[in-house]
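Undergrad: What follows is a predicted protein model with its sequence.
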Amino acid sequence: MRENGYLPIRDYAAIGDGRTVALVGLDGSIDWLCLPNVDSGAVFARLLDAERGGSFQLAPSEPFEVERRYEENSNVLQTTFRTTSGTARVTDAMTLAPGEVLVPQREIVRKIECLSGSAALAWSIEPRFFFGRKRTRIERRGKRLIACSRAEALALGAWGAGEPRVSDTRIDGELRLREGEGAVLSLTAAHHEPAFLPGLDDTEHRLRHTQEFWPGWIGEARYEGRWREAVLRSALVLKLLVFAPSGAIVAAPTTSLPEWIGGERNWDYRFTWLRDAAYTLNALQTLGYEDEAHAFLWWLMHATRLTAPRLQVLYRVDGGVEADEKTLGGLAGYRGSGPVRAGNGAAKQVQLDIYGAVMHAIWLHADYHGDLGGETGRAIAAIADYVAEVWRRPDSGIWEVRSDEKNFIQSKAMCWVALDRAARLAEDGLIPNRSRRWRSEAEEIRAFIDEGGWDEERGSYVRASDVRELDASLLTLSLMDYAPGDDPRIVGTIDAVRRDLADGPLVARYRGEDGVEGEQGYFLACSFWLADALARSGRTEDAITLMDELVELANDVGLYAEEVGANRAFLGNFPQGLTHLALIGAAVSVSRAEETA
Amino acid sequence: MSLAGAIAGGVVGTLVLTSSLRLTQVLGITRMDIPLLLGTMFSEDRRRATAIGYAVHFANGVIFSLGYAGVFYAVGEAGWLFGGLLGIVHAAFAGGTLVNILLPAVHPRMGTPWTDAEETPVLEPPGFMLMNYGRHTAIGTLLAHVAYGAIVGGFAAGL
């Protein structure tokens, strides 16, 4: 199952509590967990270093077969192990608090049940706080064990799970269960406060509450199309990526899962990208999650105040702007794909497309609610003025290239989107009205794109005004209403992308250089954008076929990474919010097209 | 030497003590959270407990300043240096007895070294000199109490 200590990325499932996310491997090992928050240091990082990363392993002591699923409409994971002796089921969850009671800050519960025969299992916990850069001590508090480092602690609760054995920085245990018997392991995390040592009853109560919460939450989703299961799973993944204290949404809960094995395209995605804003708002509102959509918009308006009218590419989940990129020495990287990075240098880049994403998101919200508020309206108008001023400058584009800045056509089109949405908001009386200037600048942008961004010979838009290459991000032009889906230039671009960038359902972002060495996989969001664009262009059957193929690409529990290789192996950070957002958008578009066809 | 000065010093000293203990928490030096520890004696609601805990800790700080004043009157001397020395005794009593032994004995939600917490949710006990919450907790506690004592002593002596 493991190769040199590493599982395929596809073999992970995610559990979380709205503050952080843990990744559980198909072999029962929790190989990724940052504490206390998703963007904090990792305490389990076996994902990035099989030997030194740290993990919470739980599996049969003898050879086994395994299958797993999420409990129906839930982020509670069930892994079933079958051995020659019997069958055992492990239920994994990060628990949610049932009301205003004294509960641990964070908690992972692993409930073990023997379903048939007998089951011998072994478990071990190796915490490595702060990505393994600080020493971990294991201490006793009465009969309880606590792993701690500086002001962080993990307290172990073990009921029926065998007598824990402590070595230097590791806790092990073994248990044997007969049919009908069970055991529970819990890890409660304390950050800068005394550890909580809950009892079995409370632990099971929180687990039951968590099991009840998720189906109730997802039951509110509005989507009845043919990919309902995939859409609901994507919504559940997005809910895991929402940082509940602020409403921000991280791009992915991991750092440095490589875009190519052995390559250096390893980035930290534990930040909120403004680019994803429009897709997020659209997806949440489409599915009926008004609370989450509203919270995210408020986070967005609050976070961007620090830099407005200039917007930063990404922000921390707490709204902070510091995201200095550094290399974490001491971790080998997934399958040796170093370096492992914390922070993201893209924060300092200029990426003009984000203005279109933000304006579109605000317009969507205002369109739904019909009001923005005076102060917010003035801030939005100031952003539009800024776009009218800066759209002519080159940037690093949606793909955050680390080569020289260019006049990327998708960026220019998104500046058009920004000014168009601002003008619409102004004409609706929601923001100060400077729409004449904005519309005039928008027309200049369109002229620039028509002249420098169109390749007559290829019959498509191109990557940049001086780069005659294709770029799959141009598929978003019709998604963002830059032009109608059946516009000849949009259709030509779709055809060119299918011809030159696609391999079956998979779509490469671009073929040219980007300032980073090494190869990369196919970008899954681009595949969903293609399905969306096809539906908008009237080719509904093609879109349906593509969607069916893409839904099949998910892992066994319905999750996607950022990219896939030609061999269908997942690459890049996982699970990836943008992929799931694009899935929801495409599913809704294609289903609508199917209804109207 | 003045009683009012000692009480005023108790108010200022408690603010300094609480702020500096909070700072050690934020800096990742300790997991000790005195307001939470005190407040959870009275409430299971985390937010309410923290608010109550701050109030109780503040009241304790003022009450302790009366004790300092008593010592100053008994000895016939006050001042920041003597107050600082009393702060060492105060820290040793708080960490070695008050919070380590008495608090777990009366706290309905705190574990003791002999509790295995099968029934109810409990807080991790502080241990000697609160070192269960991090080994540097003792140093932070000592320095904060020395500062408190020096302020009370200084105020009592009229600065």
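TA: Right, received. Where do you want to start?
Undergrad: CA atoms only for stretch B:39-46 - export them in CSV, please.
TA: Only the C-alpha atoms of stretch B:39-46 are listed here, as CSV (Å, rounded to 0.1, in the frame of the first residue of the first chain):
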residue,chain,number,x,y,z
GLY,B,39,-13.6,30.8,36.0
THR,B,40,-14.3,27.2,35.2
MET,B,41,-14.9,26.7,38.9
PHE,B,42,-18.1,28.6,38.4
SER,B,43,-19.2,28.0,34.8
GLU,B,44,-19.0,25.4,32.1
ASP,B,45,-19.4,28.0,29.4
ARG,B,46,-16.0,28.8,28.2
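Undergrad: buried stuff in it?
TA: The neighbour-count check on stretch B:39-46 (16 or more other CB atoms under 10 Å in any protein chain shown) flags B:39-41, B:43-46 as buried. Where you see a C-beta, it was placed from the backbone N, CA and C, and this is true even at glycine.
Undergrad: Contact residues of chain A facing chain B?
TA: A:100-103, A:139, A:141-144, A:146, A:148, A:150-153, A:155, A:190-202 (CB under 8 Å from any CB of the partner chain).
Undergrad: residues contacting residue A:478?
TA: A:484-485, A:487, A:490, A:533, A:536-537 (CB atoms under 8 Å, 6 or more residues apart in numbering or on different chains).
Undergrad: Generate a PyMOL selection restricted to the buried entries among the residues you listed.
TA: To isolate the buried members of those in PyMOL, using 16+ other CB under 10 Å:
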select buried, chain A and resi 485+490+533+536+537
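Undergrad: got a list of what residue 77 touches?
TA: You didn't say which chain, so I picked chain A. By CB under 8 Å, 6+ apart, the neighbours of residue A:77 are A:13, A:15, A:24, A:68-71, A:91-93, A:557.
Undergrad: meant chain B, my bad for not saying
TA: Counting by CB under 8 Å, 6+ apart, residue B:77 makes contact with residue B:1.
Undergrad: So it: helix, strand or coil?
TA: coil (DSSP: H, G, I helix; E, B strand; the rest coil).
Undergrad: what about it, distance to chain A?
TA: According to CB to the nearest CB, to the nearest Å, residue B:77 and chain A sit 38 Å apart.
Undergrad: hmm, back to that, restrict the buried residues of stretch B:39-46 to contacts with chain A.
TA: B:40, B:44-46.
Undergrad: Between which two of those residues is the distance greatest?
TA: Farthest pair in those (CB to CB) is B:40 and B:45. Separation: 9.2 Å.
Undergrad: Name all residues that sit in contact with these two at the same time.
TA: By CB under 8 Å, 6+ apart, the residues touching both residue B:40 and residue B:45 are residue A:102.
Undergrad: who's in contact with the residue lying closest to residue A:106 once chain neighbours are set aside?
TA: Of all residues not flanking residue A:106 in the chain, residue A:189 sits nearest, at 4.0 Å (CB to CB, 6 or more residues apart in numbering or on different chains). Contact analysis of residue A:189 by CB under 8 Å, 6+ apart lists A:35-36, A:43, A:104-107, A:152-155.
Undergrad: in what helix or strand does residue A:189 lie?
TA: strand A:182-191 (DSSP states H and E).
Undergrad: for that strand, what is the average pLDDT?
TA: Averaged across strand A:182-191, pLDDT comes to 96.
Undergrad: Please, which helix or strand holds the one residue in the stretch 201-350 of chain A that gets nearest to chain B?
TA: Using CB to the nearest CB, residue A:202 is the residue of the stretch 201-350 of chain A that sits closest to chain B, at 5.0 Å. Assigned by DSSP H and E, residue A:202 falls within helix A:200-218.
Undergrad: between that helix and strand A:182-191, how many degrees?
TA: On the basis of axes from the mean of the first three to the mean of the last three CA atoms, to 10 degrees, helix A:200-218 is oriented at 80 degrees to strand A:182-191.
Undergrad: contacts for the next helix or strand after helix A:200-218?
TA: Downstream of helix A:200-218, the next assigned helix or strand under DSSP H and E is helix A:228-241. Contacts to helix A:228-241, defined as CB under 8 Å, 6+ apart, come from residues A:14-16, A:18, A:21, A:38, A:70, A:73-75, A:214, A:217-218, A:221, A:223, A:225, A:249-253, A:280, A:283-284, A:287, A:289, A:292, A:551, A:554, A:557-559, A:575, A:577, A:580-581, A:583-584, A:587-588.
Undergrad: 7 Å instead?
TA: Helix A:228-241 has contacts (CB atoms under 7 Å, 6 or more residues apart in numbering or on different chains) with A:14, A:16, A:21, A:73, A:75, A:214, A:217-218, A:221, A:223, A:249-250, A:253, A:283, A:287, A:551, A:554, A:558-559, A:575, A:577, A:580-581, A:583-584, A:587.
Undergrad: Show me those residues that map onto strands.
TA: A:14, A:16, A:21, A:249 (DSSP state E).
Undergrad: count of neighbours near residue 36?
TA: Answering for chain A, as no chain was given. 17 (other CB atoms under 10 Å in any protein chain shown).
Undergrad: not what I meant, chain B
TA: Quick note: residue B:36 (other CB under 10 Å) scores 19 neighbours.
Undergrad: For stretch A:493-506, measure first residue to last.
TA: 16 Å (CA to CA, to the nearest Å).
Undergrad: Counting neighbours, which bits of it end up buried?
TA: Neighbour counts over stretch A:493-506 (16+ other CB under 10 Å) mark A:493-494, A:496-497, A:501-502, A:505-506 as buried.
Undergrad: Please compute how far that stretch lies from its chain's middle.
TA: Centroid separation between stretch A:493-506 and its chain, computed with CA atoms, centre = their mean, to the nearest Å, is 25 Å.
Undergrad: Would you map the helices across chain A?
TA: With DSSP state H, the ranges of helices along chain A come out as A:200-218, A:228-241, A:275-287, A:290-304, A:353-369, A:374-390, A:409-427, A:435-452, A:476-479, A:488-500, A:524-536, A:540-552, A:577-596.
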